[in-house]
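**Q** Sequence plus the predicted model coming up.
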Amino acid sequence: MILAIALTLLTPPSAVHITVPRIQEPVAIDGALDESAWAAATVREDFLATRPVEGREPSQVTRVRVMRDDERLYVAFEAMDLEPSGIRAKLSDRDAIFEDDFVGVVLDPFQDFRRAFILLVNPLGAQADCVFIEGAFGDDCTWDVVFSSAGKLHADGYTVEIALPFKNIRFDPGRDTWNFQLLRVIARQSEQITIPERRAAAGSPTRQVGTMSGMLGIDAGVSVTLIPEVTTSVAEKPEGSGTVLDGDVGVTAKLSRPNAALDIALNPDFSQVESDAARISFNERFALYFDEKRPFFLEGRELFVTPWEVVYTRSIVEPLYGLKLTGKSGPTSFAVLHALDESPAASTLDERWHPDAYRKQPAITTVGRMATDVASNATLGMLMTDKHVGRSWNRVGGMDGSLQPASDLRFAAQVLGSATDHPDGEYESGSAAKLRFIRSGRHFNWFSWYEQLTSGFRAEAGFIRRTGYREVGMQPSFRLETGRKTGLLTVEIEPTVTVLNQIGGSDRERYGSLNTSLSFPTAYIESSLFTGVERFRGERFERSRSNLAFSVNPVRWFTFDGSVAGGEAVAYFADDPYLGGRAVTTVGVGVRPSERLSIGLTATRSIFSNDAPADAFRQLGDRSGKEIEFDATVGRVTSQLFFTRSISLRVIADWNGVEDRVAPSVLLGWRPGPGTVVYAGWQDEYATDRGEDPRGRQAAFMKLSYLFGSAG
């Protein structure tokens, strides 16, 4: 009790408070603040800069209005601009507005400082939505919520209206006060301003918030949403003799109250309309990681985030059904996931867990998670995973916790144990532990960690690249703010030192790196130097590499970025590993001829030489390398035309230099919001890694789904 009281007192009181007035009539969301109801809204315009220099007065004036009715929260921004021709905005897919100007609101309805919902809108009304999770690295913008928005450009800047239905988010109906933050980004100046002021030395953004009262009386009934979906396709047969017609019907349903939700998916269509971009996977020591894109797994995903990633939903490939319960009761959050996968993926770590060993048997995956706030600055949690494939199984369980003794200090820890009955009949058990320490500040940050995994630890429902080691590392970083007048905004220097010891052996690996970055209003440059001693299959390799990357956005219709990296590299593919040379280059170009049309090109070339890095770079320059083991390029050209904010035509061409083939795809889509889509298109199925014929198969497809019951 004494500890809880002490930790609570360490949370500073909010300096910004607003009362949210309650109106009786709904407001039209059209980007024009012409309804009389807006005159009753609470108005704030006391923004301060977060970047490039903390605490500075904003370069532009911004006025925000907040109010609500019984069903929706309304937020309107009047974003003034002395140079309206410099405002950057385009019509785009969801979560693709981060090169634009935008405004937004951050909400923490439970006031637990653990997670916050982020709603962002650009000047044309295009949306992005994310979840901020305390302790995670970056926002999770795969989360989607249905909300209404509209924006209008005018001679003095732009206006944006946002309406968020309360039934579409989780909250405590008995709580009158929520935490909030308001923000605006001015892209051409790399400027972000907020209410209240956000300071790096004050710790997590979820704790630098204002409070908004007047939130009692919200309609807190049961909400039911239903998404039936139909998918059909006509594709060439694998042997190339004729075509085959395929179709599928599925349904996803959600039953929710303000503080809990039950999701049910029966035969869901988890096909990806846009495939993962091509990646060169030659000579990779560890498995490649792919982001989750499927809606059923995205809902409530933040509840499964822990220091170790023991829940990796991309390991569930083709579920026949899925069940998920998520919610929060008092200080305790909970989540349960259960799915039957008809086509389980191979393990990211252990070759024994492979489709050939499964013998076409389905996998049953169950995950349980609970975390409770023992104080405002301390959390304890438990996690359990269970994966069965036939008679084989893997179970993981353990505890985790976090503590923030001061606003700029944070500790996080997790301890896990596993038990595994492998497909080959062998039984194994193991353990894992991780400890993190983070100190955040305006000019100086510190991140250090310790982690340990025994050789017998397995997490087949998660993503673990390596076991059998202990690792300790530290990463200080230094940041210098130079201001706007110099042209150079910030300089950041980040050295990293890591020492890794093999458990039960004498092998030791040591790594050191130095990253330096320079940011300008419309450009970013980063360089890195790396050196280390690596052990692989009992051999010792001393290697180093360097990297230079840049990104420029000089005008609102053009972006250009690229990188070049090279150095010594271990030949992991060889039966007798050796030290060779590697060179990798990437380039990306984006062009926006208008706010409706965007064209992008990305390409990566990777070269491995049996000799030294200089030989790989000679091959990169004029193809004169003499000991080249591998030289491949992959590229993607994407063009997208928006007829309206919801209707677009997208054409993609993927080129795979390894196979020397181009895989095109065309997609006509209508997507007014999450859950409701109409897609019609054509694509090369081989590009999505689902084809069985190495020549690839072409397929025409159509997908229809509609979200019933969710307010917009």
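**A** In hand now; what should we look at? Residues are numbered from 1 along each chain as shown.
**Q** quick one, helices of the stretch 201-350 of the chain?
**A** 295-298 (DSSP state H, counting those that start in this stretch).
**Q** Flag the shaky bits of it, pLDDT-wise.
**A** 201-204, 220, 237-241, 269-290, 293 (pLDDT under 70).
**Q** do the chain as well
**A** Where the chain drops to pLDDT under 70, the residues are 1-14, 135-138, 201-204, 220, 237-241, 269-290, 293, 483-486, 685-697, 710-712.
**Q** for it, longest strand please?
**A** strand 539-555 (DSSP state E).
**Q** downstream neighbour of that one in the secondary structure list?
**A** strand 558-570 (DSSP states H and E).
**Q** Mind giving me the packing neighbours of the very next helix or strand once past that next one?
**A** As assigned by DSSP H and E, the chain's next helix or strand after strand 558-570 is strand 579-591. For strand 579-591, the packing partners by 3 or more Cβ pairs under 8 Å, 6 or more residues apart in numbering; DSSP states H and E come out as strand 539-555, strand 558-570, strand 597-609, helix 613-622. (C-beta placed from N, C-alpha, C; glycine too.)
**Q** Quick check: which of the ones you listed is buried the most?
**A** strand 597-609 (a mean of 20; mean count of other Cβ atoms under 10 Å).
**Q** any idea of the angle it forms with strand 579-591?
**A** 170 degrees (axes from the mean of the first three to the mean of the last three Cα atoms, to 10 degrees).
**Q** hang on, the earlier thing: got a markdown table for the helices and strands packed on strand 579-591, with distance to Val61 too?
**A** Formatted as a markdown table, those follow (distance: least, Cβ to Cβ, whole Å):
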| stretch | distance to Val61 |
| --- | --- |
| strand 539-555 | 24 |
| strand 558-570 | 28 |
| strand 597-609 | 30 |
| helix 613-622 | 50 |
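**Q** what kind of secondary structure is the closest residue to Val75 other than its chain neighbours in?
**A** Spatial nearest neighbour of Val75, excluding adjacent residues (Cβ to Cβ, 6 or more residues apart in numbering): Ile162 at 4.5 Å. State at Ile162, reduced to three classes by DSSP: H, G, I helix; E, B strand; the rest coil: strand.
**Q** what's the burial count for Ile162?
**A** By the criterion of other Cβ atoms under 10 Å, Ile162 has 25 neighbours.
**Q** With the one 3 residues further on instead?
**A** Residues near Pro165, counting by other Cβ under 10 Å, number 18.
**Q** surely it meets Asp69?
**A** No. Pro165 is not in contact with Asp69 according to Cβ atoms under 8 Å; the separation is 10.4 Å.
**Q** Could you state which residue of this protein sits nearest its centroid?
**A** Residue closest to the average C-alpha location in the chain (Cα atoms, centre = their mean): Asp140, at 4.1 Å.
**Q** For that one, give me its contacts.
**A** Residues near Asp140 by Cβ atoms under 8 Å, 6 or more residues apart in numbering: Cys130, Val131, Phe132, Ile133, Arg301, Glu302, Val305.
**Q** Quick check: the gap between it and Ile316.
**A** 18 Å (Cβ to Cβ, to the nearest Å).
**Q** gap between Met80 and Phe47?
**A** Distance from Met80 to Phe47, by Cβ to Cβ: 11 Å.
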